[in-house]
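A.B. asks: Sequence first, predicted coordinates after that:
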Amino acid sequence: MKVAVGLGLMEFPFAGAGDYWRWVDLCEAGGVDSLWQTDRLVSRQPILECMTAVAALAGRTRRMRFGMNVVSLALRDPVLLAKQCATVDVLSEGRLLPAFGIGSPLGPEWQALDIDTKTRGRRTDESLEIIARLWREESVDFAGKYYRLSGASISPRPVQPDLPMWIGGASDAAIRRTARYGTGWQGGPEGPAEAGRVVAAIKLAAAEAGRSIDEDHYGAAFPFYFGSASDSVVSGAMAAYAKRTNRDPARYFAIGDETAILDRVAEYVEVGVQKFILRPVGDGASVLAQTRQLIEKVLPRVGAKWPKVA
């Protein structure tokens, strides 16, 4: 078993770049497995652009891997995105973890950019095929409904010979998409029970398609907070999650001490998840403090409970 704990951000919680890099350096030195940036192009809240962020991380770090959780393919040009991923993978010497999805229909981008949300799935499927082929083929011809290519190529191609293609989403279409194209699945707002259902469904669909996904390539994400659920920063975040997803935040957020966080990890591991993106709740200095506690109190217990097998 290869349980690995990474950290992720959606909104930019820091006063400036200096505090962000202090957080990154803390994660790099503290044994955090990977860093992840949520994709959001249109927002009133400060949110880093995910591809720019992973490119910057490639230059700042030497050990950690990093990825997008998850980039909305229907909002991106697939050739440009394939080229960006390849470039970051080359410059980081093979540390990129690309993760793709269709994006939430509730996101502000669709209306702001005048894109029909009903086209998300087909655009995403075409993009996944284009990106995968550009990463491995010398020349790509493609004729789809939304994209057409003639003799397209990129160079240099990714350093990783089989660059991972993690897929997000829990719908039936996302399950089929992961089984067809993915090398891994990365959860988002799903609690342990729902994540377990998705993992089982992907394994079945992949087998029916004559494919398999490595056991340690199923991931989940959840917020954590050392403290009380009554703290204003937590109660506000939980209320926003409940409104956005219509899910019970108590089954998603891990609030309390290191045991509460470890127990939530264990719930996911029990249903087949081994990769994690944990999001510290808070702003600025509190994110640094929360991360430091996770490194000091949780990561050693994860390593002891699920020692990595070579």
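C.D. replies: It's in.

A.B. asks: Tell me which residues of the helix or strand containing residue 129 come out buried.
C.D. replies: Using DSSP states H and E, residue 129 sits within helix 120-136. Neighbour counts over helix 120-136 (16 or more other C-beta atoms under 10 Å) mark 120-121, 123-135 as buried. Quick note: C-beta positions are derived from backbone N, CA and C, even for glycine.

A.B. asks: again with stretch 89-108
C.D. replies: Neighbour-count burial for stretch 89-108 [16+ other C-beta under 10 Å]: 89-90, 92, 95-104, 107.

A.B. asks: same thing with stretch 189-206?
C.D. replies: So stretch 189-206, judged by 16+ other C-beta under 10 Å, has buried residues 189-192, 194-196, 198-199, 201-203, 205-206.

A.B. asks: same deal with stretch 17-29?
C.D. replies: Residues of stretch 17-29 classed as buried: 19, 20, 23, 24, 26, 27, 28 (neighbour count, 16+ other C-beta under 10 Å).

A.B. asks: Closest one of those to residue 38?
C.D. replies: residue 20 (14.6 Å; C-beta to C-beta).

A.B. asks: Work out for me the element that closest one sits within.
C.D. replies: Using DSSP H and E, residue 20 sits in helix 17-30.

A.B. asks: and the nearest residue to residue 31 once chain neighbours are set aside, how far is that from residue 79?
C.D. replies: Using C-beta to C-beta, 6 or more residues apart in numbering and skipping residues adjacent in sequence, the residue nearest residue 31 is residue 299, 5.6 Å away. Look at residue 299 and residue 79: by C-beta to C-beta, to the nearest Å, they are 39 Å apart.

A.B. asks: What of residue 307?
C.D. replies: Counting by C-beta to C-beta, the gap from residue 307 to residue 79 is 42 Å.

A.B. asks: what do you get for residue 68?
C.D. replies: From residue 68 to residue 79 the distance is 17 Å (C-beta to C-beta).

A.B. asks: Also residue 306?
C.D. replies: Distance from residue 306 to residue 79, counting by C-beta to C-beta: 39 Å.

A.B. asks: Which one's more surrounded, the two?
C.D. replies: residue 79 (19 against 16; other C-beta atoms under 10 Å).

A.B. asks: so residue 60 makes contact with residue 21?
C.D. replies: Yes: counting by C-beta atoms under 8 Å, residue 60 touches residue 21, with 6.6 Å between them.

A.B. asks: Would you map the helices across the stretch 101-250 of the chain?
C.D. replies: 109-112, 120-136, 172-181, 192-208, 232-245 (DSSP state H, counting those that start in this stretch).

A.B. asks: Please produce JSON lines containing the ones you listed, extended by mean pLDDT and distance to residue 14.
C.D. replies: Output for those, formatted as JSON lines (pLDDT from 0 to 100; distance: least, C-beta to C-beta, whole Å):
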{"stretch": "helix 109-112", "mean pLDDT": "93", "distance to residue 14": "24"}
{"stretch": "helix 120-136", "mean pLDDT": "96", "distance to residue 14": "31"}
{"stretch": "helix 172-181", "mean pLDDT": "94", "distance to residue 14": "32"}
{"stretch": "helix 192-208", "mean pLDDT": "96", "distance to residue 14": "29"}
{"stretch": "helix 232-245", "mean pLDDT": "90", "distance to residue 14": "15"}
